[in-house]
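**Student:** attaching a predicted model along with its sequence, questions to come.
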Amino acid sequence: MQIPAAFDYARAESLEHALQLLSEHGPEARVIAGGHSLLPMMKLRLANPEWLIDINDLTDLAYITEDADVVRIGAMTRHVELLESEALAGLFPIVRDAERTIADPLVRNRGTIGGSLCQADPAEDLSTVCHVLGAELVIRGANGERSVPMAQLHTGPYETSVEQDEILTEVRWPVRPRTASAYTKVERRAGDWATAAAGASVTMGADGRVEDVTIGLTAVGLDGGTATRAADAVRGQTPSEDLYAEAGRRAAEQCRPIGDQRGTEAYKRHLADELTRRVLRRSVERATAPLGRGV
Amino acid sequence: MQVSMTVNGEAISREVEPRVLLVHFLRDDIGLTGTHWGCDTSNCGLCTVLMDGAPVKSCTVLAAMAAGHDIRTVEGMATGGTLDPVQQGFMEEHGLQCGFCTPGMMLTARALLDRDPNPSNQDIREAISGQLCRCTGYTNIIKSIRWAADHQSETAGAATEGS
Ligand SMILES: Cc1cc2nc3c(=O)[nH]c(=O)nc-3n(C[C@H](O)[C@H](O)[C@H](O)COP(=O)(O)OP(=O)(O)OC[C@H]3O[C@@H](n4cnc5c(N)ncnc54)[C@H](O)[C@@H]3O)c2cc1C
Ligand code: FES
Ligand code: FES
């Protein structure tokens, strides 16, 4: 029987209250959001917090708001809400693509975007989505609010720049015209973590060339979260199969996968290549579809 | 700590350790053993219960986190001696063999039909995709839920007329 080690529990009534509880109970206090990464880790004694600060009552941190140039997502927004949002599916098709593959409907009823990003698991699909969309993260602490770009959120596997007494409150995705995105993942069985996955966002220029592009890879040891050299090959060019192939080759070269029970290093590199081609192709198709936004 | 929640419509309050998982709270503290417990690792879905109407894995929710919420277990499915159409469907279509996965499957089906009374077979497959059945091969489970969707209005009528 897997049961977490003993801890004390407090339920936060507001963001201020949660921050106060975190500083009051010191370094061994941790927030619990959906609990779908933290509780399994506590059962295995990979995490042993002395205090859990439950932030599930902070329903004012569960929202998706759409402005002209930015979409704001509250940290307590659950996977299911991201999956079902029509607004997000229109603006950022990568979100629904990714959410469809994350765990299963029951896990998605509990897991949150804040928890996913703060868990910093190298196989977390939403991390790649945020890298690809150029997310900005809003973090609150006792001394106020700061914001960091996605590239600075993760400091290593399972490590983030969110301090122990801080809380991630909001994820911001910039809205760009003539832009579309896509995500695709290879998993051993439905609901599994990625063997490898790729995401891309493509902005098309009026001249039919790729004005800007970001490519992200999941679970293949890509430093910094984005395949910069693959993107460099595509930016400014007219889309073609040869171009996608070149980008795929570069992505496979830039990542550093580790062979494990999900696949060998060579297989994962092959996936990095092939999945990069697929998400680029799909993003370009979507960006150039009538109305500028595909499905 | 004192933990209070509604289970199958009844207000329940117990003194438990914060580390007690909802599945054990239901089974051991209040004796509702219809909620099964399998993998312990958030993978099998045997422990599924409805929390405010949505299916969740109760081995990955603390009892303390469920406090103040509305929990529904398999024991709460039949009303006044009449089976829920989903339960009836599992009987009609032979939706179980050993029955280990069945409570969780039926609750997920209930939540699905509450949201969408006429789901496609693909919707049904998707809804139960976080739950394992090692006996039936799933086909009969899908048929059972289909049966419930197709007969819901009749059985609801029968329930008010009968018993
Ligand atoms: C069976 C299973 C399969 C899964 N499959 C996938 C998959 O395929 N792809 C995938 O991407 N994910 C997968 N997940 C993970 C899932 O997405 C989790 O829900 C997610 O990783 C964590 O979200 P949470 O809200 O449950 O976080 P929690 O478990 O509550 O927290 C995780 C960590 O983040 C911290 N934290 C949480 N919220 C905040 C905040 N607002 N500010 C600061 N720190 C915070 C916590 O202290 C903890 O350290 C799976 C999980 C399970 C159980
Ligand atoms: S016992 Fe909860 S998912 Fe397996
Ligand atoms: S009926 Fe035996 S596991 Fe499903």
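**Tutor:** Everything's here; your move. Numbering: from 1, shown residues only, chains lettered A, B, ... in the order given. Ligands and ions are numbered 1, 2, ... in the order given.

**Student:** check contacts around A:Val31.
**Tutor:** For A:Val31, the contacting residues are A:Ala12, A:Ala18, A:Leu22, A:Leu52, A:Ile53, A:Asp54, A:Ile55, A:Ile167, taking Cβ atoms under 8 Å, 6 or more residues apart in numbering or on different chains as the criterion. Using the backbone N, CA and C atoms, a C-beta is placed for each residue, glycine as well.

**Student:** widest-spaced pair of those residues?
**Tutor:** A:Leu52 and A:Ile167 (13.7 Å; Cβ to Cβ).

**Student:** so which of the two has more stuff around it?
**Tutor:** When A:Leu52 is set against A:Ile167 and neighbours are counted by other Cβ atoms under 10 Å in any protein chain shown, the residue ahead is A:Leu52, at 27 against 24.

**Student:** who's the closest spatial neighbour of A:Ala266, skipping the chain neighbours?
**Tutor:** A:Gly259 (7.9 Å; Cβ to Cβ, 6 or more residues apart in numbering or on different chains).

**Student:** quick check: the one you found touching A:Arg269?
**Tutor:** No: look at A:Gly259 against A:Arg269 with Cβ atoms under 8 Å: they stay out of range, at 10.1 Å.

**Student:** those two: who's more crowded?
**Tutor:** With other Cβ under 10 Å as the criterion, A:Gly259 and A:Arg269 differ in neighbour count, and A:Arg269 comes out ahead with 19 against 11.

**Student:** care to break chain B down by domain?
**Tutor:** Structural domains assigned to chain B are B:2-76, B:85-162, following automatic domain parsing.

**Student:** mean neighbour count and mean pLDDT added to those, as JSON lines?
**Tutor:** Conversion of the domains of chain B to JSON lines gives the following (neighbours: other Cβ atoms under 10 Å in any protein chain shown; pLDDT from 0 to 100):
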{"stretch": "domain B:2-76", "mean neighbour count": "20", "mean pLDDT": "98"}
{"stretch": "domain B:85-162", "mean neighbour count": "19", "mean pLDDT": "92"}
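
**Student:** any idea which of those domains gets closest to ligand 1?
**Tutor:** Comparing the domains of chain B against ligand 1 with Cβ to the nearest ligand atom, the closest turns out to be domain B:2-76 (3.6 Å).

**Student:** could I get the pLDDT score of the residue in chain A that ligand 2 sits nearest to?
**Tutor:** Nearest to ligand 2, among the residues of chain A, is A:Leu106, at 7.9 Å (Cβ to the nearest ligand atom). According to the model's per-residue confidence, A:Leu106 sits at a pLDDT of 98.

**Student:** just the one 10 residues further on next, same as before
**Tutor:** The pLDDT attached to A:Ser116 in the predicted structure is 98.

**Student:** residue contacts, the residue lying closest to it once chain neighbours are set aside?
**Tutor:** Of all residues beyond its chain neighbours, the one nearest A:Ser116 is A:Leu126 (4.3 Å), with distances taken as Cβ to Cβ, 6+ apart. Contact criterion Cβ under 8 Å, 6+ apart gives A:Leu82, A:Ala98, A:Ile102, A:Ile113, A:Ser116, A:Leu117 as the residues in contact with A:Leu126.

**Student:** then A:Val71?
**Tutor:** By Cβ under 8 Å, 6+ apart, the contact list for A:Val71 reads A:Ile64, A:Thr65, A:Ala87, A:Leu88, A:Leu91, A:Phe92, A:Arg172, A:Trp173, A:Val175.

**Student:** near the fifth one, how many residues? Count them for me, please.
**Tutor:** It refers to A:Leu91. The local packing of A:Leu91 (other Cβ under 10 Å) involves 20 other residues.

**Student:** go on, the first one?
**Tutor:** Other residues lying near A:Ile64 total 17 when counted by other Cβ under 10 Å.

**Student:** quick check: it touching A:Thr77?
**Tutor:** Yes: counting by Cβ under 8 Å, A:Ile64 does reach A:Thr77; the two are 6.2 Å apart.

**Student:** give me the common contacts of the two.
**Tutor:** When contacts are counted by Cβ under 8 Å, 6+ apart, A:Ile64 and A:Thr77 are jointly contacted by no residue.

**Student:** what about stretch A:217-235, near ligand 1?
**Tutor:** No: for stretch A:217-235 and ligand 1, the contact criterion (Cβ under 6 Å from any ligand atom) is not met; the two come no nearer than 8.0 Å.

**Student:** put the alpha carbons of that stretch into CSV.
**Tutor:** Output for stretch A:217-235, consisting of C-alpha atoms alone and laid out as CSV, is shown next (Å, rounded to 0.1, in the frame of the first residue of the first chain):
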residue,chain,number,x,y,z
LEU,A,217,10.8,19.0,-28.5
THR,A,218,9.7,17.0,-25.5
ALA,A,219,11.6,14.2,-23.6
VAL,A,220,14.6,14.2,-25.9
GLY,A,221,17.1,16.4,-23.8
LEU,A,222,16.8,19.6,-25.7
ASP,A,223,18.7,22.4,-23.8
GLY,A,224,16.7,25.5,-23.4
GLY,A,225,13.5,23.9,-24.7
THR,A,226,13.6,25.1,-28.3
ALA,A,227,15.3,23.7,-31.4
THR,A,228,16.9,26.9,-32.4
ARG,A,229,19.1,25.6,-35.2
ALA,A,230,16.1,23.9,-36.9
ALA,A,231,14.1,27.1,-36.6
ASP,A,232,17.0,29.1,-38.2
ALA,A,233,16.9,26.9,-41.2
VAL,A,234,13.2,27.6,-41.7
ARG,A,235,12.9,31.3,-40.9
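
**Student:** any idea how far it is from the middle of the chain?
**Tutor:** Between the mean C-alpha point of stretch A:217-235 and the mean C-alpha point of its chain there is a distance of 15 Å (Cα atoms, centre = their mean, to the nearest Å).

**Student:** same check on stretch A:194-214?
**Tutor:** In this view, stretch A:194-214 has its centroid 17 Å away from the chain centroid, taken as Cα atoms, centre = their mean.

**Student:** try stretch A:65-77
**Tutor:** 15 Å.

**Student:** give me the residue from the stretch 151-295 of chain A nearest chain B.
**Tutor:** When distances are taken as Cβ to the nearest Cβ, the stretch 151-295 of chain A approaches chain B most closely through A:Ala190, which lies 5.6 Å from it.

**Student:** could you count how many residues lie near that residue?
**Tutor:** Neighbour tally, A:Ala190, other Cβ under 10 Å: 12.

**Student:** that one: what secondary structure?
**Tutor:** The three-state assignment at A:Ala190 reads coil, by DSSP: H, G, I helix; E, B strand; the rest coil.

**Student:** wait, what's in contact with it?
**Tutor:** Applying Cβ under 8 Å, 6+ apart to A:Ala190 gives the contacts A:Asp104, B:Ser129.

**Student:** and the strands in the stretch 151-295 of chain A?
**Tutor:** For the stretch 151-295 of chain A, strands defined by DSSP state E, counting those that start in this stretch occupy the ranges A:154-156, A:159-160, A:167-174, A:179-186, A:196-204, A:210-218.

**Student:** show me what the fifth one is packed up against.
**Tutor:** Same thing as strand A:196-204. helix A:93-101, helix A:125-133, strand A:179-186, strand A:210-218, helix A:265-288 (3 or more Cβ pairs under 8 Å, 6 or more residues apart in numbering or on different chains; DSSP states H and E).
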